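Engineer: Pasting the sequence and the predicted model now:
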Amino acid sequence: MNSSAATSALSSSDPVHLAVDLGASSGRVIAGAMVDGRIQMEDIHRFANDPVRMQQSLQWNVHGLWQQILMGLRHAGDRFENIRSIGVDTWGVDYALIDSMGLLAGPVRCYRDARTQGSIQRVLSKISRDELFEATGLQFIEINSIYQLFAAAEAKEVSLDTADRFLMIGDFFHWLLSGQVSVESTNASTTQLLDPRTKTWRTDVMETLGIPPAIFPDPTEPGCEIGKLQPSVQSVTGLGPIPIILPATHDTASAVLAVPASGFAPSNPDWCYISSGTWSLMGVELPEPKLTDACQALNFTNEGGIQGSTRLLKNIGGLWIFQQIRKSLERRGRGLSFQEMADAARTASPLGCLIDPDEPDFVAPDDMIDAIHDYAARTGQTAPSSDAELCRAALEGLAIRYRVCLGMLESITGSSIDTIHIVGGGSKNELLCQMTADACNRRVVAGPVEATAIGNLLMQMMGTGLIGSLEEGRQLVQESFPTQTFLPQDPTSWDGAAEKFAQLGQ
């Protein structure tokens, strides 16, 4: 077990909340409690989450994830006497379809599945880009639920005909826990089917695309209790009728709750966040959506936050390339830990081969190292010739993409951003954090690492009345979890690389 708050372990008698935190590459069950005016956390169970290739499709092993969640709940029951609530957060856009018998109507596809290739243009042949952005406020990216559902409708998948309910992944596990159907609003906002102003489904868009509106439950706001742990789960885990409280089920929404900043949803933000993991989500917290021409042109997204706020952000390829380099190295018999990869990257010459993490080449290649070599050849660059150069290129490309995104954010909001908060697993990568400070010429505050789980716990604590407001919760984060500050050291050295980077896609 590991306490993310770097404090003593929780007592078995402490009243704890359980955060089930599912990312696109790993999952965990974490206990959290308020002890002596601070949030203390303790790992209960961690497990891998990898999609599985089934015939021609890429699917999530939701049965295996459910088994791991049950195991984590059993461990929590053995460890703690007083569990106050349970809540699940997950990645966005993916979904499960449930039939009238309470069974899966079809496979749970991974957003990296190839069925959505080319689907944006096919959707835009039925509804214009301007109309779709005005209706939903989301960026145009093929992983969005709308393109997955449209691809299913095009292929006449039986699951759409037999489905009784549409559930996002977090909602699916809340349903398994409680037996109650809900679709939480922050994750619903990642579908590109929700109106960002009214927080209601755009049934007109669904009907235009052949997506059945009747299967979509009305969105539910985070912080409410949707039910109790149902008897079948009680019997397997040994737990009682524990309340199931909706956190912000989209992991980015939960992570943003845990940003150790002052204030909530300012009109002119002076800080932005990067929720850094397999994906990087970079954006600002605003009181209302930005449905402007500039926002659409720069392909930013208006996702829902708590209490009616908006997360104006862009999806960036994140540490996916770095992670997949590790797997490619393992296949070549050169296994390295992530820390060893970062240490190796420090030894390589800076700003050699530049990699754009958002290039389609890197979405789901058979081998990431081969994909990087092919990309270097196509863009007229010298390919990395060592493991150290590969690792450095992956991190530098990400830092430059952050620089580009920062400029876009300031352009859309008209604000001057002074501080970049990096939360999540990527905040542990000190080299990437320093690269970000230098490339962006901004102060970077890194941490907390377990931001999604912390945000999940904060929402549960707010739902049970233990915390009175988001502002109070963020103050608790500042007092409970350490951060590390990185200041720019040599920002001008990145200017030439940024200009070269801008030419890569042309």
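Structural biologist: Structure received.
Engineer: which residues in the stretch 351-500 of the chain form helices?
Structural biologist: Secondary structure of the stretch 351-500 of the chain by DSSP state H, counting those that start in this stretch: the helices cover 368-378, 387-413, 430-440, 451-463, 470-480, 495-503.
Engineer: could you give the angle of the second one to helix 430-440?
Structural biologist: This points to helix 387-413. Between helix 387-413 and helix 430-440, the angle comes out at 50 degrees (axes from the mean of the first three to the mean of the last three CA atoms, to 10 degrees).
Engineer: quick one: helix 387-413 to helix 495-503, angle?
Structural biologist: Between helix 387-413 and helix 495-503, the angle comes out at 80 degrees (the same axes, to 10 degrees).
Engineer: Quick check: buried residues in helix 387-413?
Structural biologist: 387-406, 408-409, 412-413 (16 or more other CB atoms under 10 Å). The way it works is simple: take the backbone N, C-alpha and C, and place the C-beta from them, glycine included.
Engineer: next one: the first one
Structural biologist: By neighbour count, and taking 16+ other CB under 10 Å as the criterion, the buried residues in helix 368-378 are 368-369, 371-373, 375-376.
Engineer: Equivalent analysis for the fifth one, please.
Structural biologist: Burial within helix 470-480, assessed by neighbour count using 16+ other CB under 10 Å, is assigned to 470, 473-474, 476-477, 480.
Engineer: Averaged pLDDT, that helix. What do you get?
Structural biologist: Averaged across helix 470-480, pLDDT comes to 95.
Engineer: what helices or strands is that helix leaning on?
Structural biologist: strand 38-48, helix 251-257, helix 451-463 (3 or more CB pairs under 8 Å, 6 or more residues apart in numbering; DSSP states H and E).
Engineer: how about the ones you listed in a markdown table, adding mean neighbour count, mean pLDDT and distance to Arg129?
Structural biologist: Output for the helices and strands packed on helix 470-480, formatted as a markdown table (neighbours: other CB atoms under 10 Å; pLDDT from 0 to 100; distance: least, CB to CB, whole Å):
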| stretch | mean neighbour count | mean pLDDT | distance to Arg129 |
| --- | --- | --- | --- |
| strand 38-48 | 19 | 97 | 38 |
| helix 251-257 | 30 | 95 | 24 |
| helix 451-463 | 30 | 97 | 31 |
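Engineer: Distance of the closest residue to Arg443 other than its chain neighbours relative to Arg401?
Structural biologist: Leaving aside its sequence neighbours, Arg443 sits nearest to Thr419 (CB to CB, 6 or more residues apart in numbering; 5.0 Å). Thr419 sits 19 Å away from Arg401, going by CB to CB, to the nearest Å.
Engineer: and the helices of the stretch 351-500 of the chain as CSV, adding distance to Gly424?
Structural biologist: Listed next are the helices of the stretch 351-500 of the chain as CSV, based on distance: least, CB to CB, whole Å:
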stretch, distance to Gly424
helix 368-378, 21
helix 387-413, 13
helix 430-440, 12
helix 451-463, 5
helix 470-480, 13
helix 495-503, 24
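Engineer: Quick one, which of those gets closest to Arg202.
Structural biologist: helix 387-413 (22.6 Å; CB to CB).
Engineer: got the contact list for stretch 371-389?
Structural biologist: Residues outside stretch 371-389 that contact it (CB atoms under 8 Å, 6 or more residues apart in numbering): 321, 325, 329, 334, 336, 341, 344-345, 347-349, 352-355, 359, 361-362, 365, 390, 392-393, 504.
Engineer: and the end-to-end length of it?
Structural biologist: For stretch 371-389, the separation between the terminal residues is 15 Å (CA to CA, to the nearest Å).
Engineer: So what's the gap between it and the chain middle?
Structural biologist: Taking the mean of its C-alpha atoms, stretch 371-389 sits 28 Å from the chain's own mean (CA atoms, centre = their mean, to the nearest Å).
Engineer: Contacts only, for Ile321.
Structural biologist: With CB under 8 Å, 6+ apart, Ile321 has these contacts: 355, 357, 362, 368, 372, 394, 397-398.
Engineer: swap the cut-off to 6 Å and go again
Structural biologist: 357, 362, 394 (CB atoms under 6 Å, 6 or more residues apart in numbering).
Engineer: Likewise for Val449?
Structural biologist: Val449 makes contact with 427-428, according to CB under 6 Å, 6+ apart.
Engineer: For it, give its distance to Gly179.
Structural biologist: From Val449 across to Gly179, the span is 33 Å (CB to CB).
Engineer: Give me the neighbour count for Asp161.
Structural biologist: As a burial measure, Asp161 scores 12 neighbours (other CB atoms under 10 Å).
Engineer: Tell me if I am right that it is in a helix.
Structural biologist: Yes: with DSSP: H, G, I helix; E, B strand; the rest coil as the criterion, Asp161 is assigned to a helix.
Engineer: quick one: it and Ser100, what's the gap?
Structural biologist: Using CB to CB, one gets 12 Å for the distance from Asp161 to Ser100.
Engineer: do the same with His174
Structural biologist: His174 is 19 Å from Ser100, by CB to CB.
Engineer: So between these two, which is more surrounded?
Structural biologist: Neighbour count, other CB under 10 Å: between His174 and Ser100, His174 has more, with 30 against 10.
Engineer: Which helix or strand contains that one?
Structural biologist: Following DSSP states H and E, one finds His174 within helix 169-178.
Engineer: between that helix and helix 451-463, what angle do the directions make?
Structural biologist: Using the same axes, to 10 degrees, helix 169-178 lies at 50 degrees relative to helix 451-463.
Engineer: Can you point out the buried residues in helix 169-178?
Structural biologist: 169-178.
Engineer: ok, now stretch 178-195?
Structural biologist: Applying 16+ other CB under 10 Å to stretch 178-195 flags 178-179, 181-195 as buried.
Engineer: Tabulate the CA atom coordinates of that stretch in CSV.
Structural biologist: What follows is the C-alpha trace of stretch 178-195 in CSV, where atoms were taken according to Å, rounded to 0.1, in the frame of the first residue of the first chain:
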residue,chain,number,x,y,z
SER,A,178,-26.0,-0.2,-7.5
GLY,A,179,-28.4,-1.6,-10.1
GLN,A,180,-29.4,2.0,-10.8
VAL,A,181,-29.1,3.6,-14.3
SER,A,182,-27.5,7.0,-14.6
VAL,A,183,-25.4,9.0,-17.0
GLU,A,184,-23.2,11.5,-15.2
SER,A,185,-23.1,14.9,-16.9
THR,A,186,-19.3,15.6,-17.1
ASN,A,187,-18.7,12.3,-18.9
ALA,A,188,-21.8,12.8,-21.1
SER,A,189,-20.3,16.0,-22.3
THR,A,190,-17.5,14.1,-24.0
THR,A,191,-19.9,12.4,-26.4
GLN,A,192,-20.3,15.4,-28.8
LEU,A,193,-24.1,14.8,-28.4
LEU,A,194,-24.8,17.1,-25.4
ASP,A,195,-25.7,20.7,-25.5
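Engineer: Just the mean pLDDT for that stretch, thanks.
Structural biologist: 98.
Engineer: Please consider this matter closed, and thank you.
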